[in-house]
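Colleague: What would the 3D arrangement of this be:
(2 chains)
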Amino acid sequence: MRYPRWLLSIALAMSQAVLLGCPSNPDPPQIPYAQSGEQYSDKMDLARLEHELPLKQADLMKITPDNLKGATQEQVDQIYARLTAGPIPDGVYDGQMFFPKGSSERARLAEIVGGGIKGFVVDVKAATLEHIGEFIWKGKVFYRNEGVLRNRIEDLLLLKPIVGPNIESIPKLDIDDKDSWLLFPAKLYCGQSLMDGRRESIIIDYAFTDDLPGYREMPDVLAGREGLEIRDEIRMVRPGFYLGRAYIKKVFALNFTLYNKAVAEKDTPAFVDSGTTTEDCWIGNQRLTAMANKPDHQQARLIEPQ
Amino acid sequence: MQRIRTILTFTIGLALFAGHVLLTEGSAVAANGSQTSSGFHYGTTLSDTERVGAEIWFNATAGNSRFFTYVYQQRLGVMIDWYRVLRGDARDERFYRWGLINDPDCCKPGDPNCPATSYDETYGFDYCPGDDELLKHVGKTGYRDPACDLKDVPIAKDDPHGPRDLRQSACDLEFGTSTGALGLRKFPNPKFDKVKWLQINGGHLDTWDGYTAKVMPRKDREAPAKSHLIDGSIEPPYRIGMSCGACHIAFDPVNPPKDPAHPKWENLSGTVGNQYGRFAQILGSGMSPNTIEYQIYGHSRPGAVDTSAIPNDQVNNAGTMNAIINLARRPVFEEDIIKWRKTNQCPAGGNERTCWCEPGKDGKCWERSRKKEFVHHILKGGEDSIGALEAIQRVYFNIGSCSEEGWVNHLTDLRQLDPTMRGFGQTPFDIGQVRRDCPQFRAIEDRLPEIAAFLFSGPPADLYKARGLKNNTALIQQLDKEYGKGAVEQGRAIFASKCASCHSSQGAPFENRDFLAVSKDMTGRNSRVDWLGNDKLIPVSEVSTNRSRSLHSNHMKGHVWEEYGSETLRAKPGDPQLKEPSDGGRGYYRNISLLSLWAYAPFMHNNAVGPEVCGGPLDEHYYSPYVDKDGEPLANAPACWVFDPSVEGRFKLYKASMGQLLNPSQRIPKVTRFNNDVTIRLLPKLGDEKLERFIDTAIRFPVGTPAARIGNFRHKELAEDLVMARTNFDKLKAKYVGRYGPEKGEQIARTIQDKGKELVAKPGSILEAGAELREAYSNSLAVIENDGHRFGEDLSDKEKDALTAFLATL
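Modeller: Numbers count the residues shown, from 1 in each chain, chains lettered A, B, ... in the order given. Presented below is the predicted three-dimensional model:
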C-alpha cells in the first residue's frame, strides 16, 4: 500500500511530538478557587465566584504559563472568568497550548471534533490534528493598529503538502535566530466570550480573513469559515501575559497562553504599583459596579468607546 | 366564595400598583415617540402612571441592543439581518414581509415633509423622531438617551423603598429612537467606523448590502452561505434593540387601519399582541435556510414565537403572543412562592444572598423569603407564577436585557457534550445577582408598577364596537340574522353547559351567569366581570392539543427560570398519560380566556387550528405545513389566508377557525418540516479529495424532516449513553430498566449499544433513530400541530353554528 507523502510527514511529526511532549503536570497556581463538583451543575456561577472570590493582584502574579498547565479545566475556567481583556496586545508573543486536564488530552479534542462520541474514526484523526498543532504552532504576532494577527509557524514540514509551492512568498520573521513563518491571519477585535458573557474578551477571528493582506488560501482556509471555523479569545493575566481559549466550530478545544517577556518586564512594575491596566474592551457592569466605589487612581482606564 | 376570591384578587394582586395609580400625582411627558398623541391606545385616557408605563413598554430596551448586536451573533451564533428587515425602501412592504407594524411617526427619506432627504443620511433606514440628534452620534460617544427625559411619576406613598426617590436612573431604560417598526429601536454605535463601512458597502452609505450579502462557499456547495454578519470586526452604524412592544403592539381590532402598511396611532394598541409578527424569521433573518438553526426555529407561524429557543430546553414549542386585556379580572391562585420582596433594611452582617441593600441608597433593600401569595398563571403552562410584576420583569430577559451580566452564562450550549463542563446544561438565573450587577434590571424593576398599570388598562375588543353598533343587543340581532333566530341564546346555553367549566372565571353553576357583565374594577375602569377562562392548569392529555409547549422545562428546579416558578407549580405531579418526562411542573396547559375570541383566530397556543395565515406574495417565509395521512406534503394544500386585520377579515378568519375547532375530524394535519436540506459537517470539506476521504464526516437532514423531531431530541443524553454503552453497559441497562422495566429497558440499552457501533462506520446514521430511540430521547413526541381540543365535535351543525355565534359576542 502506498501512502501519500503528506501522510508520512504527519506520522513523522506525530512521533516527534509524542517524544518531545508529555511533561509532568506542575502544581496549579496557588490562588483561591471555588469548590466545585464533577458535573456542570455543581460549579459556582461565575458572577458569584468573582463577587465572593475576586482575584487580587497578588494572585495574578502567582499565575504563570507553566503552572496553568497543572490546573484542572475548572480551575482554568475560574481564572479566566476573573480576568479582564486588558489592552489588545502588540508585537510578538510566544505561545503554549494545553489541553483540559482530567481527561485524555488527545481524546478530548477528538471527542469535540467528533461530536463527543468516543469511538468515532475521527478520534484518531483529531488526535493527529491536535499533535500537528502542538508541534508546529509557536505563538502569535499582533498588529494592533491594523486589527490583525498572524500565527507563528516554525516548521513548515508538516504543512508543506497543503501549503503548496512558493513557500518563499510566505512572510516570515526571524525570532530568536529561528525562522517563523506567518500563516493563518486573523482579525482582532473586542467581542463576546463563548465561556463567560459578563465582559468582553479580545477575539481572534479567522472567519473572514481572505480580505487580509498576505492571505494564502492554503493553508489559511483551514482555519476560516470554510474550514474549522477557529475562533480564539484571550484575557490578560498581567502585562505581557494572556490566557486564551480556542474554539473549533464554536466548541471549546484547548487553552493557550501568550507571553511577551519584554512587555512583561517593562509594564509589570507599573501594574504592580497601580493595580490597574488599560482596558480596550467592555469590562462589563459587574466590574463597573464593583469599581464604582474605588478611588480614582484605581480605576481602569477605558480608552475605547463603549 | 368566588366573589370573595375575586375581591381578594383585587386587593392582593393589584395592591402593588393600584394604590400607586390612585395615590400618585404628577404629569408624565412623553419624551419620545407619540404615545401621547390623540387617540393612542383605543382612545382611552391613560393616567399619568399608565402613560409612563406605556412609554416604557413601547420604547424601553433596557440595554438589549448589545444582545441583538453582539451576544446573539457571537455567543449564540445566530445571525439577524437587521437591514433586510428594516430597510427604509421596503417600509411599505414591512408588514406583509415580517408582520412588523410601522411607526406612524417615521418617514422614508426623500418623501415630502421627511426631514431626511436621502438614505445616505439614515444609513438606509426610516427617519424617525429624535434622529436629528441620534444621527450626529453614529461613530461617536456622548449620545444622551431620550429615556433620560422620562418624567417619572412620584414614588408611591406605600412603597417600602419610599418616601425618597431611590429609583435607578431612567437613562438605563435605554429608549434610543424608533427604527420605523414599532418596538424595534436603534442606537448610535459609537464603534462604527465610516471608512470601513464604506469599504464593505462598495462606497455607499445608504445600504448595508455589502455587509449582509451572502458569500457562497467555494469548496463545499452543501455548506450554508455566510456573510460579514459573522465578522465581529465590522461594527454597523446602529445597534438595534427591542422593546416589549415589538411583540405586543399591533392593530386595534375595534379600529383597524385602512391600510396596514400605514397605520395611525388611533389604530394601534400596545396590549393586543402582534398576531402577524414573524419574530422567529426576523431573529433568523441573517441565517441561510440550509442551517439547522433556521430549520428548527425559523418556521413559527405568524404571531407565534418560541420564547425558549434561546435558553434552549430542547422543546420545540412556539407559542402565541397573548393579548393582555381585562387583567383586573384575571384569576389568581394562592401559591407557595420563594422570591425577593422589597424591604427597607437588612440585618447587620447578614447574608446578602438572602437580604441585600443597594449600595449608596439607604433603605432600598430586598429580602428573599418564602410565603404564600395570590399570583397569576402567566405562561401557557402556568409558569412565571411568582407574581405579575416579576412576570413583567422577565419579559425583558426574554428580549435580551442583562444577557451578558445575568443569563447567557446560564444557558445550555447545544454543542457542549461533556457533562463535566460549564454550559452542558442550564443553571438557574440568579435574580439577586442580576439586580446587583445590571443597572437596566433596576431601572425596569423600579418602574414595574407603572408598566403593570398600563397593562391593566387594556380592554377587550368588543365586536359590537368594531362593527359600529350601539350595543351587544344590536350585535346579537345581526348574528341571529346570520346564524338563525335565537342562535346566540342557544349558543349561550351550550357554552354554559359544555365550555364554561374551563372558560369562565365565575364558577359553577353557569346556567344563569351573565358572561358579558361589566362593572367597575379597582383601577376605576369598567371591565368585564368574567375573564372567560379559569386559568386553572389541566393535564395536557385532557385537552390533547400539541403537547410540546406544555413540556417546556425552563422553570424546573435547576433550570434557567427556576426563580420565576412557584413551588406549587413544581410540586404538581406529571401527566401519567404521557410517554415523555413531565415531572417538575411540566405537562399542563391553563384554560385560556375566550375574551374577544372573534379577534384572535387562528386558535390554540400555536395558532395552528384554523387556516394558515401569511403575508401574501411578499411573504418569503410561508410554506405549507399540511400533510397527508402518511406525513407527506399534501398535494393541492389549502392556500394561506393573507393578513387581513379589518373587522370583516378577522371575523371571516374566526368563523373558519371555529369550523375547524368544532370539526376536528375535518382538520388536515399540519406538521412543520424542513424545507431545505441541511448538512452538518463535523470536519470541513476543502476540495482536496484525498483529505476529504480521510476526514469526511457529515450528517444530512433531508427536506421534509419534521422540525419538532430534531428540536425535541436530547442529543446530549444520547451522546452520554453511547459512551456509557462502551464503558459501562450495566449502568446503561440499569438506567433504562429503571425507566421502562426489565424487558423494554434492556432492549433499549441494546439498541443504543448497536447504534454506537453503527455510528463508528456511518456517522450520518445518527439520524436514523427508530421509534424506540425517539421515545427514549424526545422531550416531546408530538409532531401534529393542530390536533386535540375535540370538545364540541359531537354537537349538531346547528348547535355548532349557535356556539360560534355566541362566542363572537364575548
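Colleague: correct me, but B:Ser227 touches B:Ala213?
Modeller: Yes. Using Cβ atoms under 8 Å, B:Ser227 makes contact with B:Ala213 at a distance of 5.9 Å. C-beta here means a position set from N, CA and C on the backbone, and glycine is covered the same way.
Colleague: If you count surrounding residues, which of these two has more?
Modeller: Legend: neighbour count by other Cβ atoms under 10 Å in any protein chain shown for B:Ser227 and B:Ala213, higher for B:Ser227 (19 against 15).
Colleague: Let me see the backbone angles for that one.
Modeller: phi -140, psi 180 (degrees, to the nearest 10).
Colleague: where's B:Phe456 relative to B:Ala466, distance?
Modeller: 22 Å (Cβ to Cβ, to the nearest Å).
Colleague: Those two: which is more packed in?
Modeller: A direct count of neighbours by other Cβ under 10 Å for B:Phe456 and B:Ala466 places B:Phe456 higher, at 27 against 22.
Colleague: how near is that one to B:Lys191?
Modeller: 40 Å.
Colleague: Kindly report the same for B:Tyr740.
Modeller: 55 Å.
Colleague: Then B:Met604?
Modeller: Between B:Met604 and B:Lys191 the computed distance is 44 Å (Cβ to Cβ).
Colleague: again, but for B:Ser544
Modeller: Distance, B:Ser544 to B:Lys191, using Cβ to Cβ: 52 Å.
Colleague: what do you get for A:Glu154?
Modeller: From A:Glu154 to B:Lys191 the distance is 35 Å (Cβ to Cβ).
Colleague: And for A:Leu60?
Modeller: On the measure of Cβ to Cβ, A:Leu60 and B:Lys191 end up 28 Å apart.
Colleague: what's around the closest residue to chain A within the stretch 451-600 of chain B, how many residues?
Modeller: Minimum separation of the stretch 451-600 of chain B from chain A (Cβ to the nearest Cβ) falls at B:Gly558, amounting to 6.1 Å. A count of neighbours around B:Gly558, defined by other Cβ under 10 Å, yields 12.
Colleague: now B:Thr705
Modeller: With other Cβ under 10 Å as criterion, B:Thr705 counts 20.
Colleague: so who does the closest residue to it other than its chain neighbours touch?
Modeller: In space, and not counting its chain neighbours, B:Thr705 is closest to B:Phe674: 4.4 Å by Cβ to Cβ, 6 or more residues apart in numbering or on different chains. Residues near B:Phe674 by Cβ atoms under 8 Å, 6 or more residues apart in numbering or on different chains: B:295, B:701-707, B:710.
Colleague: Among those residues, which ones are in helices?
Modeller: B:295, B:707, B:710 (DSSP state H).
Colleague: Out of those residues, the closest to chain A would be?
Modeller: Nearest member of these to chain A, counting by Cβ to the nearest Cβ, is B:Ile710, at 14.8 Å.
Colleague: which residues does the closest one contact?
Modeller: B:292, B:295-296, B:316, B:674, B:701.
Colleague: now for the residues you listed, which pair is the farthest apart?
Modeller: B:Asn316 and B:Phe701 (13.9 Å; Cβ to Cβ).
Colleague: so where do the strands sit in chain A?
Modeller: Residue ranges of the strands in chain A, as given by DSSP state E, are A:91-98, A:137-143, A:148-153, A:172-175, A:178-192, A:200-205, A:230-238, A:241-248, A:251-259, A:278-279, A:301-302.
Colleague: strands paired with the fifth one, and their directions?
Modeller: The pairing partners recorded for strand A:178-192 under DSSP bridges are strand A:148-153 (antiparallel), strand A:172-175 (antiparallel), strand A:200-205 (antiparallel).
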